[in-house]
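A.B. asks: Predicted model, plus sequence, below.
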Amino acid sequence: MNVEASPLFDVATPFDLAMQERDAGALFVVNHSGGKDSQAMLIEVLRYVPAAQILVVHATLGEAEWPGALEHAQAQAEAAGCPFVVAQAVKTFFEMVEHRFKVRPGPNSPCWPSASNRQCTSDLKRGPIQREVRRYAKERGLLRIVGCMGLRAAESPRRAKASPWQLNADQSVAGRTWHEWLPIHDLSTPDVLRIVADASQELHPAYAMGNERLSCVFCIMASANDLRNGALHNPELYAKYVEIEKRTGYTMHMSRKSLEELTGVPA
């Protein structure tokens, strides 16, 4: 992480701006999926921000997420002395999919989320997290918030274009300022693994099984490798996804290939 201000025209870096918010007493909200990037991000944020100014939030996806992801995030937060909150949507992932199929069954309205319609992110993660953060901040009279996410430029061209620091205008209301910060945006995967190892922490067990990333067991953008791991280690959940694909006639993956094609694992 770059901790020095840019010498060119004294332009403040995202890190500088984050530290200004820290000194102003802002609440730093670490969004923790249970994955390696979230884990490394919390380690890094704790290097510069007191635990008393940090709230760790996990948006649970219930049975759709890797078993133990919530507990892994919670254990790291509690070990660091940070409060931990679980954000949960009023509907489940499968209820969302089934409802979309019921109300829009036509061939041009897939019931699964897609890269262009990330309803799983907006409805099941971002919305519930913001709700819990607003509640937590209101109870404590906090009017400055910095939302921290573990997105990295190396993950995709889209994420490479993401701004490491920006104002969340939608949530900056009623005297409250809310910024979004990507503390590990410029780090590589080896950097992330080194940070976790240097902190003498273990990754979620799914990585030892061979997973490259961790969130939903069957993500619409997951690699075939991760989908296969998910199928082999979560057979009942896999069968549920395959059944919905066959019943609705829609494939869940952005490749438009069925899970059985991608994994080579029969349900």
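C.D. replies: Okay, I see it.

A.B. asks: what about the strands in the stretch 51-200 of the chain?
C.D. replies: Using DSSP state E, counting those that start in this stretch, the strands found in the stretch 51-200 of the chain span residues 54-59, 84-87, 144-148, 165-167, 177-181.

A.B. asks: Output those strands in CSV, with mean pLDDT and mean neighbour count appended to each entry.
C.D. replies: In short, each C-beta sits where N, CA and C put it, glycine included. Shown next, in CSV, are those (pLDDT from 0 to 100; neighbours: other C-beta atoms under 10 Å):
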stretch, mean pLDDT, mean neighbour count
strand 54-59, 98, 24
strand 84-87, 98, 18
strand 144-148, 98, 24
strand 165-167, 97, 15
strand 177-181, 98, 21
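
A.B. asks: Arg194 is nearest to which of those?
C.D. replies: In terms of C-beta to C-beta, the element of those nearest to Arg194 is strand 144-148, at 19.5 Å.

A.B. asks: quick one: pLDDT of the nearest residue to Ala52 once chain neighbours are set aside?
C.D. replies: Leaving aside its chain neighbours, Ala52 sits nearest to Gly81 (7.9 Å; criterion: C-beta to C-beta, 6 or more residues apart in numbering). pLDDT, Gly81: 98.

A.B. asks: returning to that earlier point: mind checking the strands of the stretch 51-200 of the chain for the one nearest to Val103?
C.D. replies: Nearest to Val103, of these and by C-beta to C-beta, is strand 54-59 at 24.2 Å.

A.B. asks: pull the CA atoms of that closest one into PDB?
C.D. replies: Only the C-alpha atoms of strand 54-59 are listed here, as PDB (Å, rounded to 0.1, in the frame of the first residue of the first chain):
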ATOM      1  CA  ILE A  54     -13.700   0.000  12.400                       C
ATOM      2  CA  LEU A  55     -16.800  -1.900  11.800                       C
ATOM      3  CA  VAL A  56     -16.600  -5.300  10.000                       C
ATOM      4  CA  VAL A  57     -19.700  -6.200   8.000                       C
ATOM      5  CA  HIS A  58     -20.500  -9.500   6.300                       C
ATOM      6  CA  ALA A  59     -23.400  -9.700   3.900                       C
END
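
A.B. asks: hang on, the earlier thing: the strands of the stretch 51-200 of the chain into a markdown table, with extra columns for distance to Val97?
C.D. replies: Shown next, in a markdown table, are the strands of the stretch 51-200 of the chain (distance: least, C-beta to C-beta, whole Å):
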| stretch | distance to Val97 |
| --- | --- |
| strand 54-59 | 17 |
| strand 84-87 | 20 |
| strand 144-148 | 27 |
| strand 165-167 | 31 |
| strand 177-181 | 28 |
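
A.B. asks: Which one of these lies nearest to His233?
C.D. replies: That would be strand 54-59 among the strands of the stretch 51-200 of the chain, by C-beta to C-beta, at 20.6 Å.

A.B. asks: Show me the shaky parts of the protein.
C.D. replies: Where the chain drops to pLDDT under 70, the residues are 1-10, 105-109.

A.B. asks: which residues touch the residue nearest the centre of it?
C.D. replies: Centroid-nearest residue in the chain, with C-alpha atoms, centre = their mean: Ser33, separated by 4.8 Å. Applying C-beta atoms under 8 Å, 6 or more residues apart in numbering, we find Ser33 in contact with 58-59, 65, 69, 73, 150, 214-215.

A.B. asks: Equivalent analysis for Pro113, please.
C.D. replies: By C-beta under 8 Å, 6+ apart, Pro113 lies in contact with 96, 119-121, 220.
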